[in-house]
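> no sequence for this one, just the structure:
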């Protein structure tokens, strides 16, 4: 039995990056031998085991053969005669196909170290095309390592384009796609993830609603970058700058999809793009089985983000309707995420990244004015039921009216 450290742990150590998890490959052994040593099997599909003390993953060296469509369409062969090189060649990128022995010596049969130096994401073998999930993985690695100067090798980009055109991406499951999408949005350059998918044609397959935004103009007075697709990428960069959570990043990605279906004769204006985009956002959320916190915020932001931008112009009744839509009194965090998304949208514009966004504080103060309205005085008057609810709403509207008058006079 010979054990090697493999994959990301080797890659990130050589890059001088933090190593967050360690995977191992076991050569010359069997499942029975590992079980006898106390290793715990993981599932039934892969010869992967958890170390009894560390919990780290140990996989028997294996080969694989394409047997169907999609990410799961493979049969595996694990046996003591499978070599380390046999195991490494089935991996996606050369920088992920290196191993390290117990002395720290790096085994690099496919040029991973050279590609680390050249800052290239290059596929290991032609079998790369057999796993459609690799298109998303390569784009995610590009988003992770773009700050270090990495780019996708031209020959790998060409294979990714062939995969996008082949229809193989249609076999990906919603769960696997969402896992890659959500991880990519949290990388240092999520905009690069979108760009790589766009360049190879995969964005048009996976997220045609986002692909449709590229080349769609917006009014230069509000969007100096003009192109709506470039605006989305800029907004994602602001999300990284301000360390926004996944919910905000997902909402930022989708907030302007309605502009992709604006009739060309109406360009560069996009009247009612908020309501037009709701159907598209619902479809995207369903396609990827997006978790509820992300899907709900994306829908609300899609519908109301221009309300935030025009906050100082809104009537008290419109402000109150906005607060009700976000269920402000029970879910204040979601409203804060809405304000964050709107600010990222405002900052994600060429040369306007550092401008202030007073609308956020205005809406926070307005929300505080509404929350300050107590129900006890109304209960003391003997109100209850529907009558109490109506009276409470009227008091909150009056509070918003007073707030707006005071704010206008500059006294807040």
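All right, it came through fine. Bear in mind the structure is a predicted one, so any value in this text is a computation, not a measurement. Numbering: from 1, shown residues only.
> Tell me which residues are up against the helix or strand encompassing residue 398.
Assigned by DSSP states H and E, residue 398 belongs to helix 385-408. With contacts defined as Cβ atoms under 8 Å, 6 or more residues apart in numbering, helix 385-408 is touched by 316-317, 319-320, 362, 365-366, 369-370, 372-373, 375, 378-379, 381, 383, 412. Backbone N, C-alpha and C define where each C-beta goes, glycine included.
> Swap in 7 Å and give it another go.
Helix 385-408 is contacted from outside by 316-317, 319-320, 362, 365-366, 369-370, 372-373, 375, 378, 383, 412, using Cβ atoms under 7 Å, 6 or more residues apart in numbering.
> Can you say which two of these are spatially most distant?
Taking Cβ to Cβ, the two most distant members of the contacts of helix 385-408 are 362 and 383; they sit 30.9 Å apart.
> the more surrounded of the two?
Neighbour count, other Cβ atoms under 10 Å: between residue 362 and residue 383, residue 362 has more, with 20 against 16.
> how much space between the more buried one and residue 370?
Taking Cβ to Cβ, to the nearest Å as the criterion, residue 362 is separated from residue 370 by 13 Å.
> buried set for the helix holding residue 398?
391, 392, 395, 396, 397, 399, 400, 401, 403, 404 (16 or more other Cβ atoms under 10 Å).
> Make JSON lines out of the residues you listed and add pLDDT.
Output for the buried residues of helix 385-408, formatted as JSON lines (pLDDT from 0 to 100):
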{"residue": "391", "pLDDT": "91"}
{"residue": "392", "pLDDT": "91"}
{"residue": "395", "pLDDT": "94"}
{"residue": "396", "pLDDT": "94"}
{"residue": "397", "pLDDT": "95"}
{"residue": "399", "pLDDT": "95"}
{"residue": "400", "pLDDT": "96"}
{"residue": "401", "pLDDT": "95"}
{"residue": "403", "pLDDT": "95"}
{"residue": "404", "pLDDT": "93"}
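> pLDDT weak spots in this protein?
43-45, 66-74, 408-412 (pLDDT under 70).
> Do a quick rundown of the strands in it.
Secondary structure of the chain (DSSP state E): strands at 2-6, 23-27, 40-41, 48-50, 57-60, 62-66, 74-78, 99-100, 106-107, 120-121, 151-152.
> any chance of the ones you listed in TSV, plus distance to residue 340?
Formatted as TSV, the strands of the chain follow (distance: least, Cβ to Cβ, whole Å):
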stretch	distance to residue 340
strand 2-6	39
strand 23-27	35
strand 40-41	42
strand 48-50	38
strand 57-60	36
strand 62-66	43
strand 74-78	41
strand 99-100	41
strand 106-107	43
strand 120-121	31
strand 151-152	31
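> Ok, which of the ones you listed comes nearest residue 141?
The minimum distance between residue 141 and the strands of the chain falls on strand 120-121, with 5.6 Å, by Cβ to Cβ.
> Quick check: which helices or strands does that closest one pack against?
Packing partners of strand 120-121 (3 or more Cβ pairs under 7 Å, 6 or more residues apart in numbering; DSSP states H and E): helix 133-145, strand 151-152.
> Partner strands of it, with direction?
strand 151-152 (parallel) (DSSP bridges).
> count of residues packed around the nearest residue to residue 346 once chain neighbours are set aside?
Distance criterion Cβ to Cβ, 6 or more residues apart in numbering; nearest residue to residue 346, sequence neighbours excluded, is residue 357 at 5.1 Å. Burial of residue 357 is recorded as 18 neighbouring residues (other Cβ under 10 Å).
> From residue 247, how far off is residue 357?
Going from residue 357 to residue 247 by Cβ to Cβ gives 19 Å.
> Mean neighbour count for the strands of the chain - can I get that in CSV?
Below are those laid out as CSV (neighbours: other Cβ atoms under 10 Å):
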stretch, mean neighbour count
strand 2-6, 19
strand 23-27, 20
strand 40-41, 12
strand 48-50, 20
strand 57-60, 20
strand 62-66, 15
strand 74-78, 15
strand 99-100, 22
strand 106-107, 16
strand 120-121, 22
strand 151-152, 20
